[in-house]
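J.: next input, structure requested:
(chains A and B)
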Amino acid sequence: MTTPGTVPDDTTPLFSLHDVSQERGGATILHGLTVDVPHAAITALVGPSGAGKTSLLRLLNRLDDPTSGEVQLEGKPITSYAIGALRRRVGFVFQRPAMFAGTVADNLHVAVELGGADAAAKALPMERILAAVELSADYLNRDAARLSGGEQQRVSIARALMTRPDVLLLDEPTSALDPEVADRLLATVARLPKEYGISVIMVTHRLHEAREASTWTIMLEGGRLVEAGPTSELFTAARNARTRAYLATAD
Amino acid sequence: MLLLQAAHAVSDAGTIDVTWTDLALTFALILVAVGLSRWQQLGLERGFVVGAVRALVQLVAVGYILIYLFTAEHWWLVLLALVVMLLSATSAAVQRRRGAKRVAGERRALWTISGTSMLVGSGVTLAYVTQLVLRVQPWYEPRYLIPLFGMIVGNAMNGAALAAERLASELESHRGEVEAYLALGATPARAAAEPSRRAMYAALIPSVNGLMTVGLVQLPGMMTGQILAGQSPLLAVRYQIVVMFMLAGGTAMTTVMMVLWYRRTFFTAASQLAARVPV
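T.: This is a model prediction of the structure:
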C-alpha cells in the first residue's frame, strides 16, 4: 500500500518531501509532512489558512529550509543543487508583487542579468515574455511602480519566466486582485504549461481556481497532509471526509 | 563683568583662567534650564542635574587621566587609552540599536562588526593624519593622538549606529523586494544592494552636510577651543580643515565596512533572508 499523497508508479516525482517539519518562532507549521508533487501541468496546494501551504511552497526553491526532514527535486536532495541555479530553474511568484525600481523592461532585465552570460544567451525576447502574460510591448517602458496590482502580478510572472524556469511556484497570485482580474490572470497561468513546457505549483484558497486550472491537488490542514490526487478525483470523490467537507465549500 | 574679569588670573597666552568658583557660577545656567523644564513640564529637571554632575565628574576625571598620560610618556599607555575609547564607542553604538528583540549571538556579532569597522576606519585615519600629515614626534604623542582619535571615533560611532539602524529597518521594510531578488537567483549582496546603499547614504549624509556648512552655521568646538586658547585663527582654521577631512574619511571607511559586513548576518549560507531580522 502506498502512503497517501505519493505517486503510485515508478516515475520520479518532481518534488518529494520526506517527513518534513518546519518550525518558526516556536510554532510548528509543518508536521512531518511526506508528500510527492508529480510532474503535473498545474498542481494546486489547497487548505484552510494556517494549513502550511505557503511554508511548503517556500521550501521548493529554498527560500526556506525545513527544520527537519528532506526535500528532493527529481530524486536528489534539493540541497545538492547550486542555490542560484536552483532558483532560476524553479521560479517563485509572491502573493504581493514586489516591483524593482525602474521600468518593466528594467525589471525583466534584472532576471536576465542575474543569470549571467548563459541566461542572456538563452533569454527569450522581452516582448515575447510579455505576450505570454498578455501584456503588450508598450508596457516595457512603463514605470513598474505605477502599474495596477493585476499588471504588477503579470510583470512578476514575466520576470520569473525570463530565467527560463522548468517550474513556476505561485503563492496565491490572485489573492490581492479583484475577482474579475483574478480570473483573467488565472486563465493566463493555465496556458503556461502547454505553451512554455513548465510545471506550475500554485497555492490557492480559491477552490474554484484549483478545480478549474489544476490537474493535481494537494490538500493540507494544520501543517499535515490530508489527501492528494488527481484534481478531478479529489473534487468528485475524495476519500477523506475533511477533504470532502472543505472542497464542498468551493461552490 | 569688568570687575569679574579683573579678578581673574590671566595666563601667558592671554587666556582667562576658569576657576572652580567660575564653574559654580556657570551652574546657574543649568538651573535656568531646570527652571524652564519645570515651567514647561518637560520632566527633564533630573536629567539636567544628573547630566551636569556626570559631565563634571567625567571631564575632571578625563582631565587627570590626560595629565597622567601626557607626563608618563609611555606608548603603550597611549594605545591602551585609545583601546578604551574604541570600546566605549563600540558599546555606545551597539546599545543604540534598540527596539527589536536581541539574541545573544546577534549582539556579539554586532559588537565584533561595529568594533572592527571602527578600529579599521578610525585607526587608518588616525595613523595617516598623525604620522604622514602632522608627523607628530614621538609617534605616540598623546596631545595629538588622544583628542584626534576621540573626534574620529565619535563620528565613526554615529555613522556606525545610524548605518546599522537603517540597514535593519530597510531590510525589514523591503523584505518582499529582497526575497524577490533572491528568488531570481540573486546573491545576498545583490538582493540587499539597494537597502545597503540607502543605509550608507543615511549614515554619511551628516558628514557631507558638515563639510558644506562648517564656518557658515557654526564654528566647530575644536577651532573655538584653539581660538579661546589664544591660537591664531588661521592656524586654528587649518587644523579644523584637517579635522573635517579626517572625519569624513574615517566615517566613510567605518560605515561602508560596517554595512557590507553587517548585512551578511541577515542571510543564511543558503542565501535565505533570515526569518527574524537580527538585533
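J.: could you measure A:Leu161 against chain B, distance?
T.: Using C-beta to the nearest C-beta, to the nearest Å, A:Leu161 is found at 11 Å from chain B. From N, CA and C alone the C-beta is placed, and that goes for glycine too.
J.: can you name the element that comes right after the lowest-mean-pLDDT helix or strand in chain B?
T.: None of the helices or strands of chain B scores lower by mean pLDDT, DSSP states H and E than helix B:2-6, at a mean of 44. Sequence order places helix B:20-39 as the next helix or strand after helix B:2-6, per DSSP states H and E.
J.: in that next one, what's buried?
T.: B:Ala33, B:Val34, B:Ser37 (16 or more other C-beta atoms under 10 Å in any protein chain shown).
J.: what do you get for stretch B:227-237?
T.: B:Ala236, B:Val237.
J.: same question, stretch B:257-275
T.: In stretch B:257-275, counting by 16+ other C-beta under 10 Å, buried: B:Met257, B:Met258, B:Val259, B:Tyr262, B:Arg263, B:Thr265, B:Phe266, B:Phe267, B:Ser271, B:Gln272, B:Leu273.
J.: send me that stretch as CSV with only the CA atoms.
T.: Output in CSV follows, covering the C-alpha atoms of stretch B:257-275 (Å, rounded to 0.1, in the frame of the first residue of the first chain):
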residue,chain,number,x,y,z
MET,B,257,32.8,48.3,6.1
MET,B,258,30.1,48.1,8.7
VAL,B,259,27.2,47.8,6.2
LEU,B,260,28.9,45.3,3.9
TRP,B,261,29.8,43.1,6.8
TYR,B,262,26.7,43.5,8.9
ARG,B,263,24.3,42.7,6.1
ARG,B,264,25.8,39.2,5.8
THR,B,265,24.3,38.5,9.2
PHE,B,266,20.8,38.9,7.8
PHE,B,267,21.2,36.0,5.4
THR,B,268,21.9,32.2,5.8
ALA,B,269,24.6,30.3,4.0
ALA,B,270,21.9,29.2,1.5
SER,B,271,21.1,32.8,0.5
GLN,B,272,17.9,32.9,2.6
LEU,B,273,16.7,36.1,4.3
ALA,B,274,16.9,35.0,8.0
ALA,B,275,13.4,34.5,9.5
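J.: close to chain A: what parts of the stretch 51-200 of chain B are there?
T.: B:176-177, B:179-187, B:190, B:194 (C-beta under 8 Å from any C-beta of the partner chain).
J.: turn these into CSV, including pLDDT.
T.: Formatted as CSV, those follow (pLDDT from 0 to 100):
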residue, pLDDT
B:Gly176, 94
B:Glu177, 95
B:Glu179, 96
B:Ala180, 96
B:Tyr181, 97
B:Leu182, 96
B:Ala183, 96
B:Leu184, 94
B:Gly185, 93
B:Ala186, 95
B:Thr187, 95
B:Arg190, 95
B:Glu194, 95
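J.: list only those of the residues you listed flagged as buried.
T.: Among those, those classed as buried by 16+ other C-beta under 10 Å are B:Glu177, B:Glu179, B:Ala180, B:Tyr181, B:Leu182, B:Ala183, B:Leu184, B:Gly185, B:Ala186, B:Arg190, B:Glu194.
J.: and these, which two are furthest apart?
T.: B:Gly185 and B:Glu194 (17.0 Å; C-beta to C-beta).
J.: mind giving me JSON lines with the buried ones among the residues of the stretch 51-200 of chain B next to chain A and columns for secondary structure?
T.: Below are those laid out as JSON lines (DSSP: H, G, I helix; E, B strand; the rest coil):
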{"residue": "B:Glu177", "secondary structure": "helix"}
{"residue": "B:Glu179", "secondary structure": "helix"}
{"residue": "B:Ala180", "secondary structure": "helix"}
{"residue": "B:Tyr181", "secondary structure": "helix"}
{"residue": "B:Leu182", "secondary structure": "helix"}
{"residue": "B:Ala183", "secondary structure": "helix"}
{"residue": "B:Leu184", "secondary structure": "coil"}
{"residue": "B:Gly185", "secondary structure": "coil"}
{"residue": "B:Ala186", "secondary structure": "coil"}
{"residue": "B:Arg190", "secondary structure": "helix"}
{"residue": "B:Glu194", "secondary structure": "helix"}
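J.: fine by me, thanks again.
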